[in-house]
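S.K.: 3D, please:
(chains A and B)
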Amino acid sequence: MTIFLQATVEGLSLAAIYSLVAIGFVLIYKSMDVLSFAQPALAVVGAGLISSLAVDRGVPFWIALFIGISLTGILGLIVERTFLRPMVGEPVFSVAILTIGIDILLRTTLDNWIGLNPRYMGDPFTTFGNFGSAQIGGVTIKYLEIAALATAIFIIIALNIFFRKSKYGVAMRATSFDQEAALAQGINVGRIFGLVWFIAGILAAFAGFFITGGFNTLSQTSFVVALRALPAVVIGGLDSIPGAVVGSIIIGLTQGYVAYYQYDFEVSTGITLGNGFSLLAPYIIMFVILVLKPDGLFGTKEVERV
Amino acid sequence: MKSRPNLYTNYDKESAIFSNNTQKFWFAVLFVLSVSLCFVATDYWILLISRSLTFSIGAWGINIVSGLAGQITLAHGSFIGIGVYTAAVLGGVASNSVWGFELDMLIWLPAAGIVAALFSLILAPIAVRLKGLNLALVTLAFLFICSHVFSNFISVSGGAGIGRKVAKLVLFGVNLEDGLVFGNFLLEKNQIQYLMCLFLCMIMGFGFKNIVRSRAGRAYAGIRDGDIAAEALGVNLFRYKASAFALASFYAGVGGAMASTISGGVEPGLFNLLFSILAVAIIVIGGAGTVLGPLFGAFFYIMAPGFIQYILKLTHLTESALPLNLGQIEAMLFGLCIILFLIFEPRGLWGIWFRLRNYFKAWPFSY
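M.R.: Numbers count the residues shown, from 1 in each chain, chains lettered A, B, ... in the order given. Here you go, the predicted model:
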């Protein structure tokens, strides 16, 4: 039972991280019809900025966190303005490939900075020692995991209010519903695109911090974790924010359970699944869901005209 | 008629492989030049060109499925991997940990293609149900599953981080690993390999051109431009989507098997997401859907880093004097090229070539 709870806790904290990246994916897809493969790169760049400020420059941790996350948002804005604006109206896949190009550029620059040794994020609570952990009924819960969960829940609620109450949130919903009609109603669609990328960048940076925070550290392969938000988005449906959250929970829990139960399963059945199967499991679920329900669990069905 | 090379009096002439004598002439010149190159050029350039030729075979493969049939795949690298490992198992040497049957090249080269094609038929029923981004995502999942299997199937791949040796060059029972001796003239392994790649590339290139101008090629174009409309016109979607994937994987397998003999060893980590993206990027840079595009793209991808290294050597600059290392410069250049080509020249290098050619054809008039 302890193992089950432990797996659940770790799964949920992973789900929180994935949902941050996944919401970024969905926001961009909804408003611009672009599947952005650059999201994982933005996440690790955000982590890199925080680390370079907090550890290399010696900026106080909380200020570094704030500056790093805002800078990543601005980076998202720049990426949208320079590379994606000229591609409005191009085929979906060309733009997706373009974001892969952006991903390569960002990550190569970052890898050059990271070098061979992993980078640390800095630690605001030196008394706990690298974020520390608590024991509750035999289950180890890292404070970082609690922070990830709390942040994700807070951001989801904040976004929800933003979309319902604020002028720009409503404009964003209008844009994702129909770009041309929104334009005709006097909404500055270009500004909305920029805003979407800004928010997506901020979300990615939060996720990047939680992926690499504490003992996880930032290395050249950290982005793979953020890429696993992609199956989450696909499972939930590319254009549904609740779907992205549900998908993230499914993916996170699966990964947690597989990681803890793979050994027992292999011993009891005699089938070897191989090293790192828990990292593959999300993609297998994505494969199955896509075959059975191509638009995801919560996605709107695509209507096609000849 | 002779003075009007662009006047076609029947369809056969228009869709011929070489539609006029100028093309035949330049092809013959290029052929003679490239064969004689292997006796002139240094090993460095011979290896680079051989690599480009094999990469272009793989690129033609993805051009069939993505360029012609419009079905985007991110699993092309996995099919290349399947081809490489089929060839390695059939033609390689066994050791304590890996299988190897040391068969003839006549067996392992076609087998590499056929096995890859058979594996691609797993994707076929899914490819018929899905399209666009969803299909791309399914192939992405397939890619991760494949690379997991590659890393863990130790008797085939040697295991992650270790790898294995690949197929040996034995053709008609003659071992070519140490070169061939004709009288007092020695043909080195590199040169033999280069000639093999050249001929293989030519055969596959003509094959691609023939696919484009056949019934299948027209059906692919129909599926790309509107699959529902194509189906309404009587194109069997299942058959043609499946055959596009199978053909693409055949090309991938053959190209991969040939390319692996150049590098000598292969590590399962090679067939990751970046490798498949590379395949897509090569046809984006070269020009998707065109016959020459993949060739241009593959040469660009392989030769550009080669030139950078060559320039570094000439200028006596060491890697440490640069802000980025060579691999990173390559990656940056590649990423930038993808972005710039997509924004400014979606037809890729082929588009530039096309405009240049037309400019000089009409010179001194503008059109």
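S.K.: Return the helix or strand in chain A with minimum mean pLDDT.
M.R.: strand A:133-136 (a mean of 72; mean pLDDT, DSSP states H and E).
S.K.: partners of it in the sheet?
M.R.: strand A:139-142 (antiparallel) (DSSP bridges).
S.K.: Okay, buried residues for the partner strand please.
M.R.: A:139, A:141-142 (16 or more other CB atoms under 10 Å in any protein chain shown). The C-beta positions use only the backbone N, C-alpha and C, and glycine is treated the same way.
S.K.: buried stuff in the least confident helix or strand of chain A?
M.R.: In strand A:133-136, counting by 16+ other CB under 10 Å, buried: residue A:133.
S.K.: before we move on, what about stretch B:342-360?
M.R.: In stretch B:342-360, the ones that count as buried by 16+ other CB under 10 Å are B:342-343, B:347-351, B:353-354.
S.K.: phi, psi of residue 165?
M.R.: All of this refers to chain A. phi -100, psi -40 (degrees, to the nearest 10).
S.K.: That was the other one, I meant chain B.
M.R.: Dihedral angles (degrees, to the nearest 10) for residue B:165: phi -80, psi 160.
S.K.: among the buried residues of stretch B:342-360, which are within reach of chain A?
M.R.: Contacts with chain A within the buried residues of stretch B:342-360, counted by CB under 8 Å from any CB of the partner chain: B:342-343.
S.K.: So which of the buried residues of stretch B:342-360 belong to helices?
M.R.: Members of the buried residues of stretch B:342-360 lying in helices (criterion: DSSP state H): B:342-343, B:348-351, B:353-354.
S.K.: Which secondary structure elements does the helix or strand harbouring residue B:313 sit against?
M.R.: For residue B:313, the host element (DSSP states H and E) is helix B:293-314. When contacts are defined as 3 or more CB pairs under 8 Å, 6 or more residues apart in numbering or on different chains; DSSP states H and E, helix B:293-314 packs onto helix B:43-62, helix B:273-286, helix B:326-344, helix B:348-362.
S.K.: quick one: contacts of that helix?
M.R.: B:44-45, B:48-49, B:51-53, B:55-56, B:58-60, B:62-63, B:67, B:201, B:205, B:278, B:281-287, B:318-319, B:326, B:329-330, B:333-334, B:337, B:348-350, B:353 (CB atoms under 8 Å, 6 or more residues apart in numbering or on different chains).
S.K.: likewise stretch B:120-134?
M.R.: Contacts for stretch B:120-134 (CB under 8 Å, 6+ apart): A:35, A:92-93, A:96, A:234, A:238, A:290-291, A:294-295, B:71-72, B:75, B:79, B:135, B:138-139, B:142, B:227, B:237-238, B:241-242, B:245-246, B:248-249.
S.K.: that older thread, dump the buried residues of strand A:139-142 to TSV, plus pLDDT.
M.R.: Putting the buried residues of strand A:139-142 into TSV (pLDDT from 0 to 100) gives the following:
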residue	pLDDT
A:139	75
A:141	77
A:142	78
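S.K.: Please identify which of those is nearest to chain B.
M.R.: residue A:142 (27.1 Å; CB to the nearest CB).
S.K.: So which bits of the stretch 151-300 of chain B are right by chain A?
M.R.: Near chain A, when you scan the stretch 151-300 of chain B using CB under 8 Å from any CB, you find B:151-152, B:160, B:226, B:228-229, B:232, B:273, B:277, B:280-281, B:284.
S.K.: same thing but at 10 Å, please
M.R.: Applying CB under 10 Å from any CB of the partner chain, one finds that the stretch 151-300 of chain B approaches chain A through B:151-154, B:159-160, B:226-229, B:231-232, B:272-274, B:277-278, B:280-281, B:283-284, B:288.
S.K.: For residue B:140, see how far away residue A:96 is.
M.R.: 11 Å (CB to CB, to the nearest Å).
S.K.: what's the answer for residue B:151, then?
M.R.: 17 Å.
S.K.: next one: residue B:232
M.R.: Taken as CB to CB, the span from residue B:232 to residue B:140 is 30 Å.
S.K.: Those two - which one has more neighbours?
M.R.: residue B:140 (24 against 10; other CB atoms under 10 Å in any protein chain shown).
S.K.: which SS state does the nearest residue to the more buried one once chain neighbours are set aside fall under?
M.R.: Leaving out its chain neighbours, the residue that sits closest to residue B:140 by CB to CB, 6 or more residues apart in numbering or on different chains is residue B:74, at 4.6 Å. Look at residue B:74: counting by DSSP: H, G, I helix; E, B strand; the rest coil, its state is coil.
S.K.: Model confidence for residue B:74, exactly?
M.R.: At residue B:74, the model reports a pLDDT of 87.
S.K.: Show the contacting residues for the most centrally placed residue in chain B.
M.R.: For chain B, the residue nearest the mean C-alpha position is residue B:58 (2.3 Å; CA atoms, centre = their mean). By CB atoms under 10 Å, 6 or more residues apart in numbering or on different chains, the residues touching residue B:58 are B:76-77, B:79-80, B:83, B:204, B:248, B:251-256, B:258-259, B:278-279, B:282, B:294, B:298.
S.K.: Now, these that are in helices?
M.R.: B:76-77, B:79-80, B:83, B:204, B:248, B:251-256, B:258-259, B:278-279, B:282, B:294, B:298.
S.K.: re earlier: send the alpha carbons of the helix holding residue B:313 over as PDB?
M.R.: Extracted in PDB, the C-alpha atoms of helix B:293-314 (Å, rounded to 0.1, in the frame of the first residue of the first chain):
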ATOM      1  CA  GLY B 293      15.400  17.500 -54.100                       C
ATOM      2  CA  PRO B 294      16.400  14.600 -51.700                       C
ATOM      3  CA  LEU B 295      19.700  14.300 -53.600                       C
ATOM      4  CA  PHE B 296      20.400  18.000 -53.000                       C
ATOM      5  CA  GLY B 297      19.200  17.900 -49.400                       C
ATOM      6  CA  ALA B 298      21.400  14.800 -48.600                       C
ATOM      7  CA  PHE B 299      24.500  16.300 -50.200                       C
ATOM      8  CA  PHE B 300      23.800  19.600 -48.400                       C
ATOM      9  CA  TYR B 301      23.500  17.900 -45.000                       C
ATOM     10  CA  ILE B 302      26.600  15.800 -45.400                       C
ATOM     11  CA  MET B 303      28.800  18.100 -47.300                       C
ATOM     12  CA  ALA B 304      28.200  21.300 -45.400                       C
ATOM     13  CA  PRO B 305      29.900  20.100 -42.200                       C
ATOM     14  CA  GLY B 306      32.600  18.500 -44.400                       C
ATOM     15  CA  PHE B 307      33.300  21.900 -45.900                       C
ATOM     16  CA  ILE B 308      33.300  23.500 -42.500                       C
ATOM     17  CA  GLN B 309      35.900  21.000 -41.300                       C
ATOM     18  CA  TYR B 310      37.900  21.500 -44.500                       C
ATOM     19  CA  ILE B 311      38.000  25.300 -44.000                       C
ATOM     20  CA  LEU B 312      39.000  24.900 -40.400                       C
ATOM     21  CA  LYS B 313      41.800  22.700 -41.500                       C
ATOM     22  CA  LEU B 314      42.900  25.200 -44.100                       C
END
